[in-house]
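S.K.: Model the following, please.
(one chain, ligands or ions: 1)
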Amino acid sequence: MNLLHGSKVWVEDRDSAWLPAEVLDSDGNEILLLTDSGKKVFASKEKLFPRDADEEEHGGFEDMTRLAYLNEPGVMFNLRRRYALNDIYVSVCFWIVDILIIGKWSGHTEVLFLGFSSFEFLEYGYLIVWLTRKINSGQLDVCMSVKRVAETYTGSILIAVNPFTKLPHLYDSHMMEQYKGAPLGELSPHVFAVADASYRAMMNEGKSQSILVSGESGAGKTETTKLIMQYLTFVGGRAAGDDRTVEQQVLESNPLLEAFGNARTVRNDNSR
Ligand SMILES: Nc1ncnc2c1ncn2[C@@H]1O[C@H](COP(=O)(O)OP(=O)(O)OP(=O)(O)O)[C@@H](O)[C@H]1O
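M.R.: Just a heads-up that it's a prediction; the model follows:
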């Protein structure tokens, strides 16, 4: 990592977890930093993370893979910025980026067609590393052209930050209508987008789908699952021969769900 005078970094802090800071002096074993709050602190090189100060200007990225540095403080800061605007959902999208490379090897023109995951591509400058390795090992003499030819969507993780407050505008019928049939990634990240994608996959492929909702106690798993069920009842309609709507049927099963395994935890007094 570049630690010249003026380099932007993240430094660990006991109260705020991470603080934005700038390098003042990197000559000694310990790096001297000036935090954004005006404090001078020393920190060892291994404990610092690079920071892109330009990204701090706007309200955060919907897709975390757009961050210049996908490190812990960068991710936390992005979530915090979006949370401050009541944008509680953020996605981490995976794409396969297809790259066409034209190069020369032993006087012959070589055309290579390669697929990189968006993570490799964005986080590690993987392509540069890969090309350098090819050239160093004599597998490529000259690289003449590199072109990004296609991007294929492969999967997505949705991160939800518990708002601990009611945000009805996020879940009303207008919102459900918007996400109905919209390709994943076209609209802002949302639990309805994930529910819709799995519903479409089930209908189109005729196969069962799974949505994994994971998090610590009190993170919002039960609320998220209820929202998924609400959305599925909205798009699912009613089974032939049953007068009850799917929504009625699911809601009728809720007291049963709630009757099992209720146990208060330190993080959640409504744990189940
Ligand atoms: N999307 C949301 N909107 C508003 N409030 C929420 C949301 N998600 C969670 N909450 C709040 O957080 C509380 C805890 O959420 P929830 O019961 O879903 O957690 P959990 O992950 O299921 O916890 P446990 O593992 O302990 O059962 C809820 O009672 C609710 O007040």
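S.K.: just for the protein, where's the confidence low?
M.R.: Of all residues in the chain, those with pLDDT under 70 make up the ranges 1, 117-126, 151-155, 238-272.
S.K.: List the buried residues in the longest strand seen in the chain.
M.R.: Once the chain is assigned using DSSP state E, the strand that runs over the most residues is strand 142-160. Taking 16 or more other Cβ atoms under 10 Å as the neighbour-count basis, strand 142-160 is seen to contain the buried residues 143, 156, 158-160. For every residue, glycine as well, the C-beta is placed using N, CA and C.
S.K.: All the strands of this protein, residue numbers only.
M.R.: Per DSSP E, the chain has strands spanning 8-13, 17-25, 30-35, 40-44, 49-50, 89-105, 108-117, 142-160. These are given in chain order.
S.K.: Give me whichever of those is most buried.
M.R.: Among those, ranked by average contacts under mean count of other Cβ atoms under 10 Å, first place goes to strand 8-13 (a mean of 20).
S.K.: So what angle separates the directions of that one and strand 40-44?
M.R.: Strand 8-13 and strand 40-44 meet at an angle of 90 degrees, taking axes from the mean of the first three to the mean of the last three Cα atoms, to 10 degrees as the criterion.
S.K.: Give me the contacts around strand 8-13.
M.R.: Under the criterion Cβ atoms under 8 Å, 6 or more residues apart in numbering, residues 1, 3, 18-23, 33, 35, 41, 43, 47-53, 71, 73-74, 77 lie in contact with strand 8-13.
S.K.: cutoff 10 Å now
M.R.: In this structure, residues lying in contact with strand 8-13 by Cβ atoms under 10 Å, 6 or more residues apart in numbering are 1-3, 17-23, 31, 33, 35-37, 39, 41-43, 45, 47-54, 56, 69, 71-74, 76-77.
S.K.: Nearest to the ligand among the buried residues of strand 142-160?
M.R.: Top of the list for closeness to the ligand, among the buried residues of strand 142-160 and by Cβ to the nearest ligand atom, is Ala160 at 6.6 Å.
S.K.: check contacts around the closest one.
M.R.: Taking Cβ under 10 Å, 6+ apart, we find Ala160 in contact with 79, 88-90, 189-191, 194, 213, 215, 219-221, 223-224, 227.
S.K.: Of the residues you listed, just the buried ones, ChimeraX syntax please.
M.R.: A single ChimeraX command is used to select the members of the contacts of Ala160 judged buried by 16+ other Cβ under 10 Å:
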select :79,88,89,90,189,190,191,194,213,219,220,221,223,224,227
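S.K.: restrict the contacts of Ala160 to those near the ligand?
M.R.: With Cβ under 6 Å from any ligand atom as the criterion, the subset of the contacts of Ala160 in contact with the ligand comprises 215, 219-221, 223.
S.K.: would you turn these into JSON lines with distance to Leu232?
M.R.: Formatted as JSON lines, the entries for those read as follows, by distance: Cβ to Cβ, whole Å:
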{"residue": "Gly215", "distance to Leu232": "20"}
{"residue": "Ala219", "distance to Leu232": "21"}
{"residue": "Gly220", "distance to Leu232": "18"}
{"residue": "Lys221", "distance to Leu232": "16"}
{"residue": "Glu223", "distance to Leu232": "15"}
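S.K.: For those, which two are the farthest from each other?
M.R.: For the ones next to the ligand among the contacts of Ala160, the farthest-apart pair by Cβ to Cβ is Gly215 and Glu223; their separation is 10.6 Å.
S.K.: overlap in contacts of these two?
M.R.: When contacts are counted by Cβ under 10 Å, 6+ apart, the set common to Gly215 and Glu223 consists of 160, 162.
S.K.: phi, psi of the residue in the stretch 1-150 of the chain that the ligand sits nearest to?
M.R.: Of the stretch 1-150 of the chain, the residue with the smallest distance to the ligand, taken as Cβ to the nearest ligand atom, is Ile88 at 6.6 Å. Torsion angles at Ile88 (phi, psi; degrees, to the nearest 10) stand at phi -90, psi -10.
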